[in-house]
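Novice: Can you look at this prediction? I've put the sequence above it.
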Number of protein chains: 2
Amino acid sequence: MTRPNKRVAILSPVAWRTPPRRYGAWETVASNIAEGLVGRGWDVTLFATSDSVTQGRLHAVVERGYEEDPGVDPKVAEYLQISEAFEHAAEFDLIHSHYDFMALTYTRLVKTPVLTTIHGFSSPKIMPVYEKYREGYFVSISDSDRVPGLNYLATVYNGIDLALYPLQEPPGEELIFLGRIHPDKGTHLAIEVAQQSGLPLLIAGIIQDETYFREQVEPHLDHTIRFIGPVDVAGKNELFAQARALLHLNTIPERFGLVLAEANAAGVPVIAMDLGSCREVINDGETGFLVADVEDAVRALGRLGEIDRTVCRKRVQQYFSLETMVEAYERVYSTIFDLEATR
Amino acid sequence: MTRPNKRVAILSPVAWRTPPRRYGAWETVASNIAEGLVGRGWDVTLFATSDSVTQGRLHAVVERGYEEDPGVDPKVAEYLQISEAFEHAAEFDLIHSHYDFMALTYTRLVKTPVLTTIHGFSSPKIMPVYEKYREGYFVSISDSDRVPGLNYLATVYNGIDLALYPLQEPPGEELIFLGRIHPDKGTHLAIEVAQQSGLPLLIAGIIQDETYFREQVEPHLDHTIRFIGPVDVAGKNELFAQARALLHLNTIPERFGLVLAEANAAGVPVIAMDLGSCREVINDGETGFLVADVEDAVRALGRLGEIDRTVCRKRVQQYFSLETMVEAYERVYSTIFDLEATR
């Protein structure tokens, strides 16, 4: 393995602290990779907000995340954070960027190779930047979340810490919904499934779309369909302990869907819309069911007995653990070092 | 002079075409400098939108200004435009940036020296970037629009094309206001001066603050105080031909105040609030009067006979012409080349 004597910079966003206190998916993954690499002996420098926490070296020029401190201007923080990392490029054998398109525009000004994990294309308007820098090194977080023409080295699934989500047995009675309350996440479809099946539903998550909550969720709440607000890890485990199945009836393609892996880790089968990466995370008929609509989902409820909850957890251990993710990135790094050596 | 064989990149913003069709002060100045340098034999590459016009070489990666085409994302356009110039840095002896703080974050990644003309500090939140890059090369557009600690090489006043604004004689009867209709520009104070003096007032400009116009301008309009909307160069000259004096009673410090020079070029005396750069543009008692309030301004109207209109124009020729500006930038460039040669 190439890790001895290799120095890696992990460039995390500065929307939130790394790791984030609650929300912040990109910062979570950046933190997991940084800490995983440190644990495996790499020399890691994390570029993140000043209040970030790492076992590696922290390099910070932005005091606090712009989502956490209204005094921080996002645009200013981004320019300062990204340029700082690239100004120190010569100190590293690799810069691993978790930034959106912005960091790409600095890559041709340094000799150090740059790997970009694309955590999602935030807008169609950013595509001209990917087009220009398509020869760079890229990782997708699912096979489905790719665009043609980019130099992808691999898909590396996000990993979760399985110790946080112990296996819950026996199965509970409730259907559960866990995620942002937003039409994209199909909270209203989960409610339809509960109503048609007559099973109770627990809804947890932050309300991201107030109008949607007020018009399409709140009117249906009663003693069997309940909303419990956002939950932390302990709250998620309580939810998983009560769960018959997780309903994840997303209405747009999922980029990765961390919650699917978390539920499976706890042994909870997932009924997911067959859109985007869901079929990469869920093995249909083994760790849950992929469905096309509400009727499909209701039918799938009758087949939950076919799912072995220990198999669900084992699949997460194999494909979606922190170790699997970090090892996959080590392979990508090796590929880059080999490619660079022959340049 | 150091210009032979020196290659200069002028980095213009991409909010508007360079030169802009109507508005766009920063693009106007960038264009004036680029064309002036070409005229004096420099090898000039203008980085600007694809539809820009130059006698030099145009290098463009952004099709149209983001203020002119809603399909262009400002953030994406800025990152693409700035990085493109810096990726070509080795082809130039100097990059002259007319960008806000963003371009500074690329300067340490190239060997080519970068001069930044600060056309105004767009927000207090951008100051951390200037703080970090304070050792760079900077030009202020007035002595008053400076912050402590930056490595200023000079103040270079914006220049105007005097051929566009011929001397208007004899003086007209009207007071004129020319500028954005906005509290910063003191349209309401010009109206007060007209009312107190009993003189007619012509107001020209775009309405930037609709509420302000409706509440503090419109109710005062009658046959002696008239609003004529925005004007182009021809419209400005018609206005200058009718003018007794220009009222420029700004309520915040002026950064430069191009309209003061334009009016003076036409021989029109200026009554300006003594805030910011106004006292650098107007020589009190010679090309107009610097005042502290409305009463002062009304008193100054009684002294307009003291102003020699040809002296107004001569002062603009001397200090605020295109030639003066371009020659001043040539001196700044020479200073930079000398400093770089001894590094």
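Specialist: The structure has been received and is ready for your questions.
Novice: Name the nearest residue to A:Gly159, ignoring sequence neighbours.
Specialist: Leaving aside its chain neighbours, A:Gly159 sits nearest to A:Met325 (3.1 Å; criterion: C-beta to C-beta, 6 or more residues apart in numbering or on different chains). To be clear about C-beta, it is placed using only N, CA and C from the backbone, and glycine gets the same treatment.
Novice: which residues touch the helix or strand encompassing that neighbour?
Specialist: A:Met325 belongs to helix A:322-341 when assigned by DSSP states H and E. Contacts with helix A:322-341, where a contact means C-beta atoms under 8 Å, 6 or more residues apart in numbering or on different chains, come from A:1-3, A:6, A:8, A:32-33, A:36-37, A:39-40, A:93-94, A:96, A:113, A:115, A:137, A:139, A:153-154, A:156-162, A:317-318.
Novice: which of these are buried?
Specialist: A:2-3, A:6, A:8, A:32-33, A:36-37, A:93-94, A:96, A:113, A:115, A:137, A:139, A:153, A:156-160, A:162 (16 or more other C-beta atoms under 10 Å in any protein chain shown).
Novice: Which residues does the helix or strand hosting A:Glu280 contact?
Specialist: For A:Glu280, the host element (DSSP H and E) is helix A:278-281. The contact list for helix A:278-281, computed with C-beta under 8 Å, 6+ apart, reads A:142-144, A:157, A:248, A:250, A:254, A:256-257, A:260-261, A:264, A:270, A:272, A:290, A:320.
Novice: Rounded mean pLDDT for it, please.
Specialist: For helix A:278-281, mean pLDDT is 96.
Novice: repeat for stretch A:96-103
Specialist: The average pLDDT within stretch A:96-103 is 96.
Novice: Show me what from the stretch 101-250 of chain A comes close to chain B.
Specialist: Within the stretch 101-250 of chain A, the positions near chain B by C-beta under 8 Å from any C-beta of the partner chain are A:101-102, A:105-106, A:108-110, A:123, A:125-126, A:128-129, A:132.
Novice: A:Pro13 is in contact with A:Ala30, isn't it?
Specialist: Yes - in terms of C-beta atoms under 8 Å, A:Pro13 counts as a neighbour of A:Ala30; the distance is 7.4 Å.
Novice: anything in contact with each of those two?
Specialist: Here A:Pro13 and A:Ala30 have A:His98 as joint contacts, going by C-beta under 8 Å, 6+ apart.
Novice: As a check, name the ranges of all strands in chain A.
Specialist: With DSSP state E applied, chain A shows strands at A:7-11, A:43-47, A:57-59, A:94-97, A:114-118, A:137-140, A:152-155, A:174-178, A:201-204, A:225-227, A:243-248, A:270-273, A:288-291, listed in chain order.
Novice: Columns distance to A:Glu215 on top of those strands, output as JSON lines?
Specialist: Output for these, formatted as JSON lines (distance: least, C-beta to C-beta, whole Å):
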{"stretch": "strand A:7-11", "distance to A:Glu215": "40"}
{"stretch": "strand A:43-47", "distance to A:Glu215": "42"}
{"stretch": "strand A:57-59", "distance to A:Glu215": "44"}
{"stretch": "strand A:94-97", "distance to A:Glu215": "39"}
{"stretch": "strand A:114-118", "distance to A:Glu215": "34"}
{"stretch": "strand A:137-140", "distance to A:Glu215": "35"}
{"stretch": "strand A:152-155", "distance to A:Glu215": "37"}
{"stretch": "strand A:174-178", "distance to A:Glu215": "17"}
{"stretch": "strand A:201-204", "distance to A:Glu215": "15"}
{"stretch": "strand A:225-227", "distance to A:Glu215": "14"}
{"stretch": "strand A:243-248", "distance to A:Glu215": "20"}
{"stretch": "strand A:270-273", "distance to A:Glu215": "21"}
{"stretch": "strand A:288-291", "distance to A:Glu215": "24"}
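Novice: Where do the helices of chain A begin and end?
Specialist: Assigned by DSSP state H, the helices in chain A fall at A:25-39, A:74-87, A:127-132, A:187-197, A:210-212, A:233-241, A:258-265, A:278-281, A:294-301, A:309-319, A:322-341.
Novice: before we move on, the earlier item: list the buried ones in the helix holding A:Met325?
Specialist: A:322, A:324-326, A:328-330, A:332-333, A:336.
Novice: Now tabulate the helices of chain A in CSV and tack on distance to A:Glu67.
Specialist: Putting those into CSV (distance: least, C-beta to C-beta, whole Å) gives the following:
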stretch, distance to A:Glu67
helix A:25-39, 10
helix A:74-87, 8
helix A:127-132, 22
helix A:187-197, 23
helix A:210-212, 18
helix A:233-241, 20
helix A:258-265, 19
helix A:278-281, 27
helix A:294-301, 34
helix A:309-319, 29
helix A:322-341, 24
